[in-house]
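Asks: Pasting a predicted model and its sequence here:
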Amino acid sequence: MKKLSVGLILFAVALVAAVTAYKVVTNHNNNLMKVTEKRIMEAAINCWRDDKCTGNVATLDTLYQNKYLEQEINPLTKEIYNPNSYVKKDGNNYEFIVVD
């Protein structure tokens, strides 16, 4: 009976630790993506503000050519974003669209 109680306590502690670790890693990954997307969107906004980008779409390639960004890499996969990926402007809303 004593071994069962100790085993259950250890299992409960391990379960709580695993769930906490999962949440911490997920939160960290989400923050990495938010920072990267925000950097890209701010570069596009600056490009539109300086009238170097026109229309409602600013591709990464355009941002690279106009020196608003250097090559961007997905922080989770470590793969270089396709230069055809773009920021879409809809009024005051901006969205980064990844093209595979």
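Replies: Thanks, I have the structure now.
Asks: Centre-most residue in this structure?
Replies: Met33 (1.4 Å; C-alpha atoms, centre = their mean).
Asks: Give me the helices and strands touching whichever strand or helix holds that one, please.
Replies: Element membership for Met33, per DSSP states H and E: helix 2-49. Judged by 3 or more C-beta pairs under 8 Å, 6 or more residues apart in numbering; DSSP states H and E, helix 2-49 is in contact with strand 57-59, helix 60-65, strand 86-90, strand 93-97. All C-beta spots, glycine's among them, are computed from the backbone N, C-alpha and C.
Asks: possible to save these as a markdown table with mean neighbour count, distance to Asn74 and mean pLDDT?
Replies: Below are the helices and strands packed on helix 2-49 laid out as a markdown table (neighbours: other C-beta atoms under 10 Å; distance: least, C-beta to C-beta, whole Å; pLDDT from 0 to 100):
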| stretch | mean neighbour count | distance to Asn74 | mean pLDDT |
| --- | --- | --- | --- |
| strand 57-59 | 19 | 16 | 96 |
| helix 60-65 | 18 | 12 | 96 |
| strand 86-90 | 18 | 15 | 96 |
| strand 93-97 | 14 | 11 | 95 |
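Asks: mind checking which of those is nearest Glu79?
Replies: For these, proximity to Glu79 was assessed by C-beta to C-beta; helix 60-65 is nearest, at 13.1 Å.
Asks: Now tell me what touches that closest one from outside.
Replies: 40, 43-44, 47, 52-53, 69-72, 81-86 (C-beta atoms under 8 Å, 6 or more residues apart in numbering).
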